[in-house]
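Undergrad: just to be clear, the model below is a prediction. Sequence and coordinates:
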Amino acid sequence: MRFLALILLAGAFLRHGTANWLAEGSSMSAAAWFYVLGGAWEAVLCAVILLMVYGYHRTIWRVMAATALVIGILEGAQMSVCRLAITDIRAVPAGVNLCDYATGLPVGAVMLTLYLLFICYELGRTLFLRT
């Protein structure tokens, strides 16, 4: 628990205190770095909670929690990576998914579909297969 507490404390300070410092040596603004760090922090927090969730016996609730946390990890990582790929945020039209803009592909729609399929698969496996 001490190790976990130190990691979380360091992560909180890194997420909230390094955006201005990172902006000094790059072409991205402090707000952009804050956004990138926020996505990374979301992924880290979801991963830590996921490790704790797996300590419980398998129930439908653990499966739903784990599924939500996996989605949180993927979304946080996606948010950070796609923002890093965009050099001029002003060029992104309002309301457009950053990954859709960065790749030119419908990443948001594909990921949403995959998430829904994953949720259905996990629920079906837990409710009907009991494995």
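TA: That came in fine, so what should we check first?

Undergrad: now do the spatially most central residue of the chain, the pLDDT please.
TA: By CA atoms, centre = their mean, the chain has its centre lying nearest to G76, at 1.7 Å. pLDDT, G76: 96.

Undergrad: that one contacts Y35, doesn't it?
TA: No - with contact defined as CB atoms under 8 Å, G76 does not count as touching Y35 (11.1 Å). The way it works is simple: take the backbone N, C-alpha and C, and place the C-beta from them, glycine included.

Undergrad: so where do the helices sit in the chain?
TA: For the chain, applying DSSP state H gives helices covering 2-17, 19-24, 30-53, 60-85, 98-103, 107-124.

Undergrad: buried residues in the helix or strand of the chain with the lowest mean pLDDT?
TA: Least confident helix or strand, the chain: helix 2-17 with a mean of 87, by mean pLDDT, DSSP states H and E. Using 16 or more other CB atoms under 10 Å as the test for burial, helix 2-17 gives 11, 15.

Undergrad: packing partners for it?
TA: Applying 3 or more CB pairs under 8 Å, 6 or more residues apart in numbering; DSSP states H and E, one finds that helix 2-17 contacts helix 30-53.

Undergrad: the helix it packs on vs helix 2-17, what angle?
TA: 160 degrees (axes from the mean of the first three to the mean of the last three CA atoms, to 10 degrees).

Undergrad: what separation do you get for the residue nearest to the centre of the chain and L84?
TA: 13 Å (CB to CB, to the nearest Å).

Undergrad: quick one: low-confidence parts of the protein?
TA: 130-131 (pLDDT under 70).

Undergrad: ok so, going back, would you reformat the helices of the chain as a markdown table and include distance to A91?
TA: Below are the helices of the chain laid out as a markdown table (distance: least, CB to CB, whole Å):
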| stretch | distance to A91 |
| --- | --- |
| helix 2-17 | 26 |
| helix 19-24 | 19 |
| helix 30-53 | 13 |
| helix 60-85 | 12 |
| helix 98-103 | 8 |
| helix 107-124 | 17 |
